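Novice: next comes the sequence, and after it the predicted model I'd like to discuss.
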There are 2 protein chains.
Amino acid sequence: MARSQTPQMATIRDVARLAKCSTATVSRFFNQKYVSPEAEQRIRTAIDALAYSPNVAARNLKLKRSMILGMIIPDVTEPFFPAVVKGVEDAARAHQFSLMLFNTQEDEEREAACVDILLAHQCDGLLLIKAPRGPRHERYRAKLAMLPAPVVYLDRAPDLAADAVLVDNVTGARAGVEHLIRLGHRDIAIIMMGRDVPTHLDRLDGYRRALAEYGIEARPDFVHETEPTMADSYSVTLQLLASANPPTAIFATNARITLGVMAAINSRSLRCPEDISVLGHDGFDWQTVFRPRLTIVEQPASLMGTRAAELLVQRISGDLNGGARRVVLNPELVVRESCGVYREHGAMTRLSSTGAPSSVRPGYSPAVTKEL
Amino acid sequence: MARSQTPQMATIRDVARLAKCSTATVSRFFNQKYVSPEAEQRIRTAIDALAYSPNVAARNLKLKRSMILGMIIPDVTEPFFPAVVKGVEDAARAHQFSLMLFNTQEDEEREAACVDILLAHQCDGLLLIKAPRGPRHERYRAKLAMLPAPVVYLDRAPDLAADAVLVDNVTGARAGVEHLIRLGHRDIAIIMMGRDVPTHLDRLDGYRRALAEYGIEARPDFVHETEPTMADSYSVTLQLLASANPPTAIFATNARITLGVMAAINSRSLRCPEDISVLGHDGFDWQTVFRPRLTIVEQPASLMGTRAAELLVQRISGDLNGGARRVVLNPELVVRESCGVYREHGAMTRLSSTGAPSSVRPGYSPAVTKEL
DNA sequence: TCGTCGTCCGTAATCGTTTACAGTTTCCTC
DNA sequence: GAGGAAACTGTAAACGATTACGGACGACGA
């Protein structure tokens, strides 16, 4: 295929010729080294006249860096990720880095291919959201381990030797489920992603701990797995609701799952929270406006991105010595109205129907950075 | 700042040495030229042994291209954009291009800076969502006009000479407002972004046309401008509701604005659609589940991205001769329940409270590509 | 037998930067 | 006035790929 005819870009040699100096001087002009005011002036006008902009490919070749941060996310369309991306982008730009973004649609093959592309682009560091676990991903994991560029994992970490920014999913889930228990619920179901997703396993752990703390038996038939799609969690919920002993509350462990749960509840003409309570995960603008206003465990998505990017930049610049560093951020329980009070022999009632949602911060310790 | 000590990447020379051939042969191996089977085998094993991956910076320098598509969006966090990004990413990858994404937070300065960065990275083409208009952006527009890389505009186009993928905002808004009129509404307000945003001006145009077609007077006090934030549209709506002659229906021209409108309606304890109808813009998953289920004008976001990326790739490869090309896609009116029937002297009633939302496609002509 | 074509391979120039090295000038200090 | 530091500049060698050019070899047809 023929390439379109674009006007030749000016090079540093053109600038040098026009400014009557050597290329070295022009280069020094850009790199804040000794350049006389007169030369500087001539160079400035030459640059303007030629609309010169340095060729980053050449610079990168020489400098062996690209000022590119690679980021691979499972799905831009899942609203949690854009929030993270925003945080990453802000921090990256603050340090002169650009962001190269890949979207894998949760596809492992595609993800490995993205890593290759990123490496070929000499990207200086990688931000990975999906840390592969389990035997199926052995090859891919081995590859990641010997990458020439530093990697920071977000949300999920493959092992203790990796830099990572995580949230304390156990504590978040525990606080959320405790909230349900204090509202009187005993029959609480959890609908979560599959067994090999670490974050969701942690949420399951938090769920179990809360039950245990209150001496409530953890019923295995209340633990359900689903694909992270609305359709699948919809049918899983339908099943659960049709069972002999349906729960009075459901904890849905991410945004898509929550949507499916609510859809199922709607389709059975149940009211939330009057007939059944729902605890969701991840926070979005619309939740403050549309009904039922969801009570959720909220992750600091944008902050996660920022911290991860900053950690990565430090790694790249070598400012960080020592072993793996991991930043653990705290989720927040945001109480709105989708969880109602449960009374033994009566219907549930709304917890509050008044305006502003209240935000409850259980007694968390502040964000923790652990040196391992 | 010191750079971290990463293991030296293997070069094409290392591969050549190990495979006992010249760098030219290795390069030919990658570019499907004449290479003997024996040499090919040796090169293959050498590549594996060294975990060699070609240095794209060097290749780009030589080939004067980067296989990078640059994309600048106002706000990743606004859910309409990720959907577009997804479409772009898919199409880009299908053609071997990678995506470099920038987020400007609607900041003009930042946007110009992003264009510079992208150019410095020798990106092969640009996807721009915000086409600058008005005298304030004269300099920036001039700069865009003389870019060495092709540009495709998305959603908003600066002039007729530019490639663009647009949606027919006039028709979409017209259909939506017509829907309101047929429901019996006469006092319909519009809350939109400022006068210099072309897409919103088109939506205003559609709104006016619908009113005109039905012989309804367009009241100037029903046209309101707002920043695209929830907070601002909230207070604008509050003002509107407090006026002497409040509307019975509101058309909100994007997702954030819709959120603010709903928040204001809630805070006044009005019910939607019983007390007031709301027509929103742009479609998202949660709208099918949470109440009131919004009736909206929906743009084919992902498709817009795909078409734009494909157009850009064609431009880059020079397959496209002739003048500016523009693709106009059709929005769709999705009827749910936030718009109710208005009866002269009574309350409004729900249009339908039954389950599945119905999707109405007015008699649109199919997507149109015009050669200018 | 010769010429030609197709396959295969290596040498070396090139892309646009940065920077080590070397050199000049100016200015300050003793 | 000698010596040295600081400011400024140019030459040329990298960085790691691609590819024009030229050479070698075998097959094939005339």
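Specialist: Right, received. Where do you want to start?

Novice: pretty sure residue A:53 contacts residue B:118?
Specialist: No - the criterion here is C-beta atoms under 8 Å, and residue A:53 misses it with residue B:118 at 10.1 Å. Where you see a C-beta, it was placed from the backbone N, CA and C, and this is true even at glycine.

Novice: quick one: residue A:166 is in a helix?
Specialist: No - counting by DSSP: H, G, I helix; E, B strand; the rest coil, residue A:166 is not part of a helix but strand.

Novice: one step back: looking at residue A:53 and residue B:118, which one has more neighbours?
Specialist: Neighbour tally, residue A:53 and residue B:118, criterion other C-beta atoms under 10 Å in any protein chain shown: the higher count belongs to residue B:118, 25 against 17.

Novice: so how far is chain A from the more buried one?
Specialist: Distance, residue B:118 to chain A, by C-beta to the nearest C-beta, to the nearest Å: 8 Å.

Novice: list the contacts of that residue.
Specialist: B:68, B:70, B:72, B:100, B:102, B:126, B:149 (C-beta atoms under 8 Å, 6 or more residues apart in numbering or on different chains).

Novice: with residue A:137 instead?
Specialist: Counting by C-beta under 8 Å, 6+ apart, the residues that residue A:137 touches are residue A:108.

Novice: for residue A:130, see how far away it is.
Specialist: In this view, residue A:137 and residue A:130 are 10 Å apart by C-beta to C-beta, to the nearest Å.

Novice: now residue A:25
Specialist: For residue A:25, the distance to residue A:130 - C-beta to C-beta - is 48 Å.

Novice: just the pLDDT for the nearest residue to residue A:208 once chain neighbours are set aside.
Specialist: Spatial nearest neighbour of residue A:208, chain neighbours left out: residue A:218 (5.4 Å); criterion: C-beta to C-beta, 6 or more residues apart in numbering or on different chains. In this model, residue A:218 is scored at 95, pLDDT.

Novice: got it, and residue A:101?
Specialist: 91.

Novice: quick one: which helix or strand includes it?
Specialist: strand A:98-103 (DSSP states H and E).

Novice: tell me which other helices or strands that strand touches.
Specialist: On a contact count with 3 or more C-beta pairs under 8 Å, 6 or more residues apart in numbering or on different chains; DSSP states H and E, strand A:98-103 meets strand A:68-73, helix A:80-94, helix A:108-120, helix B:80-94, strand B:98-103.

Novice: please repeat the previous calculation with a cut-off of 7 Å.
Specialist: Other elements packing on strand A:98-103 under the criterion 3 or more C-beta pairs under 7 Å, 6 or more residues apart in numbering or on different chains; DSSP states H and E are strand A:68-73, helix A:80-94, strand B:98-103.

Novice: so does the first one get close to chain B?
Specialist: What it means is strand A:68-73. No - on the criterion C-beta under 7 Å from any C-beta of the partner chain, strand A:68-73 is out of touch with chain B, staying 7.7 Å away.

Novice: what do you get for the longest one?
Specialist: Yes - using C-beta under 7 Å from any C-beta as the criterion, contacts between helix A:80-94 and chain B involve A:82, A:83, A:85, A:86, A:89.

Novice: beta partners of the closest residue to the last one other than its chain neighbours?
Specialist: Among residues not flanking residue A:89 along the chain, residue B:103 sits closest, at 4.7 Å (C-beta to C-beta, 6+ apart). Residue B:103 has these beta-bridge partners by DSSP bridges: residue B:73.

Novice: tell me who's in contact with residue B:103.
Specialist: Contact analysis of residue B:103 by C-beta atoms under 7 Å, 6 or more residues apart in numbering or on different chains lists A:86, A:89, B:73, B:75, B:76.

Novice: ok, residue A:298 next?
Specialist: Neighbouring residues of residue A:298 by C-beta under 7 Å, 6+ apart: A:282, A:283, A:331, A:332, A:334.

Novice: what's the farthest-apart pair in the residues you listed?
Specialist: Between any two of these, the greatest separation by C-beta to C-beta is 11.1 Å, found for A:282 and A:332.

Novice: ok, which stretches of the stretch 151-300 of chain A are strands?
Specialist: Secondary structure of the stretch 151-300 of chain A (DSSP state E, counting those that start in this stretch): strands at A:151-154, A:163-167, A:188-192, A:223-225, A:249-252, A:277-281, A:295-298.

Novice: low-confidence ranges, chain A, go.
Specialist: Scanning chain A for pLDDT under 70 picks out A:1-8, A:131-136, A:344-372.

Novice: and it, which residues reach DNA strand C?
Specialist: Within chain A, the residues that sit near DNA strand C (C-beta under 7 Å from any atom of the strand) are A:9, A:11-13, A:23-24, A:26-28, A:30-31, A:52, A:54-55, A:58-59, A:61-63.

Novice: same thing but at 10 Å, please
Specialist: Those residues of chain A that sit near DNA strand C, judged by C-beta under 10 Å from any atom of the strand, are A:8-16, A:22-31, A:33-34, A:50, A:52-64.
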